[in-house]
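K.L.:
Could you work out the structure for the sequence below:
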Amino acid sequence: MIVKKDGRMEAFDRSKVLKGIIRACEKRPISVTAMNKMAEEVEIEIRKDNSREISSKKIGNIIMRRLKKLDKVAYLRFASVYREFDDLNDFEKEFTKLSGG
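P.N.:
Predicted structure coming up:
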């Protein structure tokens, strides 16, 4: 079960993970195969946890870690939505961290 930010619980749905990855990778040179593989790897990592519940925050962090290795632009897109960037300053801070500055 996934524990959402507001405390609600719902069943894990890999298609939602894939949808987020696809949206982040839109118009990037990333194959559908690579995106499907990432969604599968995220699911495997979650299931290895062996706990009955996992927070949506932890799932988001797993996805971000994998996107960061795959494509920095896709990572920034996902992070901006997932971390709910409020303004350009939030985006700039993340970009600075990502670029090593």
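K.L.:
Which per-residue confidence value corresponds to Lys97?
P.N.:
Looking at Lys97, its pLDDT reads 80.
K.L.:
List the contacts of the helix or strand harbouring it.
P.N.:
Assigned by DSSP states H and E, Lys97 falls within helix 88-98. With contacts defined as Cβ atoms under 8 Å, 6 or more residues apart in numbering, helix 88-98 is touched by 68, 72, 75-76, 79-80, 83, 85. Quick note: C-beta positions are derived from backbone N, CA and C, even for glycine.
K.L.:
Buried only: go through those for me.
P.N.:
Neighbour counting by 16 or more other Cβ atoms under 10 Å classes 75-76, 79, 85 among these as buried.
K.L.:
Could you list every helix and strand that the helix ranked longest in the chain packs against?
P.N.:
Secondary structure of the chain per DSSP state H: the longest helix is helix 32-48. Under the contact criterion of 3 or more Cβ pairs under 8 Å, 6 or more residues apart in numbering; DSSP states H and E, helix 32-48 touches helix 14-25, helix 56-70.
K.L.:
And it, how far out from the chain middle?
P.N.:
Centroid displacement of helix 32-48 relative to its chain, using Cα atoms, centre = their mean, to the nearest Å, is 11 Å.
K.L.:
Using CSV, write out the CA atom coordinates for it.
P.N.:
Output of helix 32-48 as CSV, limited to C-alpha atoms (Å, rounded to 0.1, in the frame of the first residue of the first chain):
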residue,chain,number,x,y,z
VAL,A,32,10.2,3.8,-24.2
THR,A,33,12.1,0.7,-23.4
ALA,A,34,14.3,2.6,-21.0
MET,A,35,11.3,4.2,-19.3
ASN,A,36,9.6,0.9,-18.9
LYS,A,37,12.7,-0.6,-17.5
MET,A,38,13.0,2.2,-15.0
ALA,A,39,9.4,1.7,-13.9
GLU,A,40,10.1,-2.0,-13.4
GLU,A,41,13.2,-1.3,-11.4
VAL,A,42,11.3,1.1,-9.2
GLU,A,43,8.7,-1.5,-8.5
ILE,A,44,11.4,-4.1,-7.7
GLU,A,45,13.1,-1.8,-5.3
ILE,A,46,9.8,-1.0,-3.6
ARG,A,47,8.9,-4.7,-3.3
LYS,A,48,12.4,-5.5,-1.9
